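J.: how would this look folded up:
(chains A and B)
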Amino acid sequence: MLLIIILAVPLIGAFALLLMRSLKINISSITSAIVLVLGGIGVKSVFEEGPISFRIPLFGPFTPTFYADHLSIIFVMLAAFLWFVVSIYNQEYLKHEDGSLGFEFCTLLTITAVLGIFLAGDLITMLLFFELMTITSFFWVIHKWNKEAIRAGYFYLFFSIVGGFFLAFGIVLMGAATDVLPAIGTGFITALDFRMFAFSIILFVVGFGIKAGMVPLHLWLPHAHSVAPTPGSALLSGLLIKVGAYGLIRVGEFVGWGMESRDGIAWLGPCLASLGTITMLVGVAAALLQSDAKRLLAYHSISQMGYIILGLGLGLYLGSNGGLALLGAIYHVINHALFKTALFLGVGIIYIQTKETNLYNLGGLWRHFPMTAVFMFIAVLGITGAPGLNGYASKTMLHHAVSLAAETGTTWVVWVERVFLLVGVGTAASFTKLYYLMFFGKPSKIRTFDKVSPRLLVPMSLLIVVMVGFGLAPKVFPTYAVIPAAKALGMGNAASNMNSLSFWELGNVLGMLITLVLGTFVCYGGIKSRAFHWCPPVWLTLEGLGKLVALKIVTLFRMGEELLQLVTRFFHNLGKAMRTHMISDFSKFDKNRSGTIGRFKLTGISADAALLIMVLVFLIVWYTIQNPELPQVLNI
Amino acid sequence: MIALILALLSGVVGGLVVAFLPQTKRGLRNFIVLFFCTCGMIFSWGVALKVFAGESVRLASEFGGLTFSLDPDPLGMVFGLIASTLWLITAIYSFGYMDGKHKQRTYYIFFLISLSMTLGIAYSGNLVALYLFYELLTFATYPMVIQERSPKALKAGEKYILYSLAGAGAILIAIVITYVYAGKLDFASGPILAGSLGSGLGWLLLLFISGFGVKAAIMPLHRWLPAAMVAPTPVSALLHAVAVVYSGIYGILRVVYSVFGHALVRQLGINALFLWVAGFTILLGVIIAARQDVLKKRLAYQTISHLSYILLGALTLQPWGLAGAIMHMICYPTSKIVLFFCAGIISEQTGETRISRMGGIGWLLPKTMIAFSIATLGMIGMLPLNTFWGKYYLMRGSVAEGRWPLALVLIGSGIINAVCFIPIIVDAFKGERTRANIEQGKRVVFMLVPVFLLAAVSLITGLFPGIVWPFVQAVVNYFF
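T.: Okay, the predicted model is just below:
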């Protein structure tokens, strides 16, 4: 019952918002606080007594099922916390934007949908909330209604709709493979038809991968996240792409965490790990070339999701030793949500005052926005993995998981480790660039800015507090929250895997510091040599490739259409020719009740009668030939 | 049995009453139309309850050696319910749309008579009755197609009659051949041709499906449908998106399941051909739709595409496939009729028929475009709308038959549907927001109420498909 209440609260809040818009209360913050409290009750209940499950017993093919185990409730708390933080921010930010009521309404509905996905108990319930989320978050992206926003909105909507279709197809195949659709949280599936099970897993990975921003399905992400209003971008990057990660974890649960993958599905771990690595690399490489702050952050979202997907892949690949990888991935989901939201909120503060997100037009702002600069600095330290903050904790865990896998010596894992370090350097470089260009450097315009309202700074400070807390005591959160979640998913050795890891070991700390310093040097070199301004040729970017392919397909269609028109016109002309000829012949018959066809002269019978008789004779003859016993059947 | 007779008579009697009413008494005429449509609906629900309870509702008579029987079974009952319920809703819409137009009396006469003909097709118990009502439906709907009496309308009517009669001719030949093979023509005693062996059976099936396929707008027999869009919007919505085309689809379902039986069709091995045709129509229909600028033509081609969903489901010969087909039959009109009705409201209130000139129309007609958006999601086949369930079971049926590429065809069609319609909605809400709202007046209320009713139904049945599930189950259990 608690689960339904958690879902109902933001929904009621959305309609309350419409009805009570004259009152000046911040309904969003109140509802989010309520959900936080309820979520806390849920945490206590789930961690002490075990998973909660709730079914609405409806007749028919669809029984809405809700389920909360450790993983779900952690994600619910994350969603509620982020929502609470952003709702305080919204109060001030939306004064600078039009259409704030619509935006808040869509936010509350999207939160309902996201909570629904996290609390869904079976695949169709999850799909229902997934589609609802697509529809409501579309309005975030398209909020400004200018050409760029509409383009990004189309991209986002179509990719999400396709993702939903892939999920639906995956559910169909899963239903065919196992006869009864598995509920979420049942652990690994022994399928009747293993091939179909494998295909359905592929479809699920594609569907959730689109949402998670996995390369090559990430094309919508940079446009959508940069064109939405800042709180929308913050929640898109901080929360909605985590839905993809959540889905991938649940899919992995069907395959089986903490056990050797069975033949036929053993490819999933390496596949996810490779895709994750590519995602990390593509994200960081593209981010280095960006000049718009929000697009840079969006590409970093892609890159950090790559870390998470890599962790999930390694968790599957390493089987019972994959505890560290899975723990690192889940921990990184939480951490990334925290620091990415903080970064977006900071960029939003700058944007309100300067109306500018292009990094090369900003500069020297630390004087005017001191608090923001400090908070952003801590967030940057977080995302680059500086020791003492939460990013360091999850990245170290993931690094150790990669090293553990690399010990086996398989070529691709060794390369994964190298790329891992490279991406770390790249992330540091990119954020040095962001921070330097934004807050230091030559101030291009000298203006006096208004004082930043505390309502904009309080949310960031809340996030920073949590981040620093996690960073200074890196073992606390995993031990109390993530390990039980991993255990519930099936990864039994999670605790023992983490015991071998010491966060403050000198090797780890030193390694991270070297990465950061290298990154700073790369950034310096990049800016001085203007390498960051390189625009890749169209065919090298995925998006350009996609556009070229689409254009070719459209050309093919045009050719096909012309061909079809040719064929139709041919038949049309043929029909017309036949008609004109026949009509002239028939009219000859009609006029004098007799006429000539070729050499035969027919008199005394009208043309139509002649035709009918011919057709009847033909039919009778043909039918008699086909069925020689016919006269006997029609025995009169 | 009384319910059956009354259901069939309510349309004809209503039509006759309206015929004798003077043209000026508009209010009275509207009331009478409403009354008889409601009667038709109530009595068809009465028949449905009886069929659900398992009672046999049969009405047969013999003349000249031929039996003519009415014997609704679950499939007929479902079709009858869809038809009569949507007829009532369209009647309400017509009160708004036809207000102030010429020749309203003619329109309403044939509107009511077509209701009876459709119910006759639905409740037919043997091929004779089916054929009789099928032909009568063509003639009953013809005056509505040529309502405008413009040269274009007359040409469209001519095309309609030619195509329909050619199809009916093919059906008649096929019926005669069936009688010769099997000696009986009624549906209730199991598939007519079950147990027959013969080389010509595959051709017979082809003949039947081509004949019914004309009305069911299977490509390449579909060309009458876009031309018939010249009819008034309620006619396009109900007849050419639901009643007439559904009678074609219903005919195909009857042929495959009641005349041949799914076991025999599987034996003949010919269902692959029809699955190809269905898949081809599904994709090509929406692709052509995307190229149309006139909104009603775009909706017409989308209709052609979606009808083949039902054909696809029927010919997978799987229980899941048939369930998907029936589910789609029930759910698709709730979205399609909304789209047509909105197109009608747009053309009546603003005079626009071309999509390229419908920019910013969402601010003139906000409620209409919101309903249009909901219905578009229905056409794409997304949760939380009910068409998702039809699509889901169609995909399950395709996979169960081993033909998973059909599921990809369905997904592709959903995406192209999105491409067709979402830009219309986005363009409608672009631009300045300060334009006056012209959604006022009693006329518009009559037009909007059915729209919102159907949109609400599509959302509710999407979230709670259990409401329509008993009907689907009844049909599938009857045939499998």
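J.: Now do the helices in the stretch 1-150 of chain B.
T.: Ranges of helices in the stretch 1-150 of chain B, per DSSP state H, counting those that start in this stretch, are B:2-20, B:26-53, B:74-97, B:104-123, B:127-145.
J.: my bad, should have said the stretch 201-350 of chain A
T.: Under DSSP H, counting those that start in this stretch, the stretch 201-350 of chain A gives helices at A:220-227, A:230-235, A:241-255, A:268-288, A:293-317, A:323-354.
J.: where in chain B is pLDDT low?
T.: Counting by pLDDT under 70, chain B contains low-confidence residues at B:434-435.
J.: Neighbours of whichever residue of it sits closest to chain A, how many?
T.: Residue nearest to chain A within chain B (Cβ to the nearest Cβ): residue B:466, separated by 2.4 Å. Every residue, glycine included, has its C-beta placed from N, CA and C. When counting by other Cβ atoms under 10 Å in any protein chain shown, one arrives at 14 neighbours for residue B:466.
J.: Centroid-nearest residue for the chain?
T.: Chain wasn't specified; assuming chain A. residue A:211 (1.0 Å; Cα atoms, centre = their mean).
J.: check contacts around the residue lying closest to that residue once chain neighbours are set aside.
T.: Setting aside the residues directly before and after it, residue A:211 is nearest to residue A:244 in space (Cβ to Cβ, 6 or more residues apart in numbering or on different chains), at 3.4 Å. Each residue near residue A:244 by Cβ atoms under 8 Å, 6 or more residues apart in numbering or on different chains is listed here: A:208, A:209, A:210, A:211, A:212, A:213, A:214, A:305.
J.: what do you get if the cut-off is 7 Å, keeping everything else the same?
T.: For residue A:244, the contact set (Cβ atoms under 7 Å, 6 or more residues apart in numbering or on different chains) comprises A:208, A:209, A:211, A:212, A:213.
J.: mind checking how far it is from residue B:351?
T.: According to Cβ to Cβ, to the nearest Å, residue A:244 stands 46 Å off from residue B:351.
J.: try residue A:63
T.: For residue A:63, the distance to residue B:351 - Cβ to Cβ - is 48 Å.
J.: next one: residue A:376
T.: 55 Å.
J.: more neighbours, those two?
T.: residue A:376 (27 against 8).
J.: which parts of stretch A:62-74 are buried?
T.: A:62, A:64, A:65, A:66, A:67, A:68, A:69, A:70, A:71, A:72, A:73, A:74 (16 or more other Cβ atoms under 10 Å in any protein chain shown).
J.: meant to ask about stretch B:422-442, not that
T.: Buried, per 16+ other Cβ under 10 Å, within stretch B:422-442: B:422, B:424, B:425, B:426, B:427, B:428, B:429, B:430, B:439.
J.: Wait, a helix at the residue of chain B closest to chain A?
T.: Yes: the assignment for residue B:466 by DSSP: H, G, I helix; E, B strand; the rest coil puts it in a helix.
J.: Let me know whether the residue nearest to the centre of chain A touches residue A:161 as I believe.
T.: No: look at residue A:211 against residue A:161 with Cβ atoms under 7 Å: they stay out of range, at 11.7 Å.
J.: Contact residues of chain A facing chain B?
T.: Proximity of chain A to chain B is confined to A:58-62, A:127-128, A:131-132, A:145, A:150, A:157-158, A:161-162, A:164-165, A:168-169, A:172-173, A:175-176, A:626, A:633 under the rule Cβ under 7 Å from any Cβ of the partner chain.
J.: what helix or strand is residue A:497 on?
T.: helix A:494-499 (DSSP states H and E).
J.: Validate this expectation: residue B:193 resides in a helix.
T.: No: the assignment for residue B:193 by three-state DSSP gives coil, which leaves it out of any helix.
J.: For the stretch 101-250 of chain B, which residues are neighbours of chain A?
T.: Residues of the stretch 101-250 of chain B that fall close to chain A, judged by Cβ under 7 Å from any Cβ: B:180, B:200.
J.: re earlier: and the buried residues of stretch B:422-442 as CSV, adding distance to chain A and secondary structure?
T.: Below are the buried residues of stretch B:422-442 laid out as CSV (distance: Cβ to the nearest Cβ, whole Å; DSSP: H, G, I helix; E, B strand; the rest coil):
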residue, distance to chain A, secondary structure
B:422, 7, helix
B:424, 12, helix
B:425, 10, helix
B:426, 6, helix
B:427, 9, helix
B:428, 12, helix
B:429, 8, coil
B:430, 6, coil
B:439, 19, coil
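J.: pretty sure the residue of chain B closest to chain A contacts residue A:57?
T.: No: Residue B:466 is not in contact with residue A:57 according to Cβ under 7 Å; the separation is 10.0 Å.
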